[in-house]
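Novice: Coordinates for the following, if possible.
(one chain, ligands or ions: 2)
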Amino acid sequence: MERWSLREFEAEARARLDPAHYDYFAGGAGDEVTVRANEAAFARIGLLPRVLRGAAKLETGLTLLGSRAAMPVLVAPTAFHRLADPEGERATARAAAAAETIMIVSMAATVAIEEVAAAAPGAELWFQLYVQPDLAFTETVVRRAEAAGCRALVVTVDSPVLGRRERDLRNGFHDLPEGLCCENLRDGDRVRPILMSPELSWEHLDRLREMTALPIVVKGVTHPGDARIALDHDVSAIMVSNHGGRQLDTVPASIDLLPDIAAAVGGAVPVLLDGGIRRGTDVLKALALGAAAVAVGRPVIWGLAADGERGASRVLGRLRAEVEHALTLCGCASIGDLDPGMVRRTC
Ligand SMILES: Cc1cc2nc3c(=O)[nH]c(=O)nc-3n(C[C@H](O)[C@H](O)[C@H](O)COP(=O)(O)O)c2cc1C
Ligand SMILES: CC(C)CC(=O)C(=O)O
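Specialist: Numbers count the residues shown, from 1 in each chain. Ligands and ions are numbered 1, 2, ... in the order given. Reported below is the predicted structural model:
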């Protein structure tokens, strides 16, 4: 079936998924104000194209922390891909490899990181980590990610406790079905639960820094003050994210948080962004406002649920085509030609 936009993938995914699983993927915290804001905010920002720039040859590729991506759109870490497709994260990794972009594999993946890497030998993988209060166990997980070939650690810092997701509470969705588990949390003959701890602090990040030579990305920064502190802790990149509206409800849209954080970081490290990216034009707006690249969460899951690896591939391919088309219409030969003067708040 031909699908013309990312939104059509969501409709198909919804029709195919168990309703409780659809709600888990789609939903957010509280009244889902932030979920809606993430997308709506992009519509309030206009793009101002430049004309007659002779920009015939397009370049959309970039290198981030030593990893090459053919487009400035990464796969955000999302949990439980085997709820969407039996191949789960293996399929997503192959789709990311085909799109020549970076996949950030969730610590809560339903396929072990070693198997994800083996299934998609050409994929650039980064590993998302919830630092566990048991630092020795955290180190075991880090070593597995390193050995599997992951080239960066993305440490999620917006989850001292899980967001209150009322769809899941209503549906009684607490656990993975029989036969599925978070394979990266295996510890001997048991599987540990992912612990979220309000005790985590910058000191834990320092401990992690000592544990590994991998670049560390902090994911879930929304306050410019925290972006500045992160720079003192030797992070390699900062990811502006409100977790797709799944943690604290009423955090502003991530695109609205980006300019202040980009200013606070002042180019010291790359700033990444996720939340609400559904169009190539959204990608351009984020890049113009200071992001080095963006990541997409739910759209990849919709592709996966709609049509497995092929669906996830098509989602990433559509986004790449939209980025190229929008860049051309903006008179840009490369993503580096975008600047804040090319966006205007329209209301
Ligand atoms: C179903 C689902 C599961 C997620 N799981 C994780 C996770 O395991 N780790 C993490 O850091 N973020 C997780 N996130 C947040 C995403 O990485 C990302 O911040 C968010 O999805 C971006 O918003 P978008 O879905 O609008 O693109 C998850 C998001 C969704 C929708
Ligand atoms: C297993 C969950 C903690 C994954 C997650 O971060 C989410 O559902 O938003």
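Novice: Would you mind listing what in the stretch 1-150 of the chain touches ligand 1?
Specialist: Within the stretch 1-150 of the chain, the positions near ligand 1 by C-beta under 6 Å from any ligand atom are 25, 38, 76-79, 106, 108, 128. From N, CA and C alone the C-beta is placed, and that goes for glycine too.
Novice: what's the closest of these to residue 194?
Specialist: Closest approach between those and residue 194, by C-beta to C-beta: residue 108, at 6.0 Å.
Novice: For the residue in the stretch 201-347 of the chain that ligand 2 sits nearest to, give me its contacts.
Specialist: Here the stretch 201-347 of the chain gets closest to ligand 2 at one residue, residue 246, 4.3 Å apart by C-beta to the nearest ligand atom. Residue 246 makes contact with 27-29, 35, 163, 165, according to C-beta atoms under 8 Å, 6 or more residues apart in numbering.
Novice: do residue 322 as well
Specialist: Counting by C-beta under 8 Å, 6+ apart, residue 322 makes contact with 279-281, 283.
Novice: can you check residue 197 too?
Specialist: Per C-beta under 8 Å, 6+ apart, neighbours of residue 197: 131-133, 160.
Novice: Of the residues of the stretch 1-150 of the chain next to ligand 1, which pair is most distant in space?
Specialist: 38 and 108 (20.7 Å).
Novice: So those two - more neighbours on which side?
Specialist: Neighbours per residue (other C-beta atoms under 10 Å) separate residue 38 from residue 108, with residue 38 holding more: 27 against 19.
Novice: how many neighbours does the residue lying closest to that one once chain neighbours are set aside have?
Specialist: Using C-beta to C-beta, 6 or more residues apart in numbering and skipping residues adjacent in sequence, the residue nearest residue 38 is residue 276, 3.0 Å away. Using other C-beta under 10 Å, residue 276 is surrounded by 28 other residues.
Novice: Show me which residues of this protein are close to ligand 2?
Specialist: Listed as neighbours of ligand 2 in the chain under the rule C-beta under 6 Å from any ligand atom: 79, 108, 194, 243, 246.
Novice: want to try JSON lines for those residues, with pLDDT, distance to residue 116 and secondary structure as columns?
Specialist: Listed next are those as JSON lines, based on pLDDT from 0 to 100; distance: C-beta to C-beta, whole Å; DSSP: H, G, I helix; E, B strand; the rest coil:
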{"residue": "79", "pLDDT": "98", "distance to residue 116": "13", "secondary structure": "coil"}
{"residue": "108", "pLDDT": "98", "distance to residue 116": "13", "secondary structure": "coil"}
{"residue": "194", "pLDDT": "97", "distance to residue 116": "17", "secondary structure": "coil"}
{"residue": "243", "pLDDT": "99", "distance to residue 116": "22", "secondary structure": "helix"}
{"residue": "246", "pLDDT": "99", "distance to residue 116": "22", "secondary structure": "coil"}
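Novice: Other residues contacting stretch 14-30?
Specialist: 10, 13, 34-35, 78, 80, 83-84, 163-168, 170-173, 244-250, 298, 301-302, 305-306.
Novice: If you could redo that for stretch 259-269, that was the one I meant.
Specialist: 221-222, 224-225, 227-228, 231, 235-238, 240, 271, 289-291, 340.
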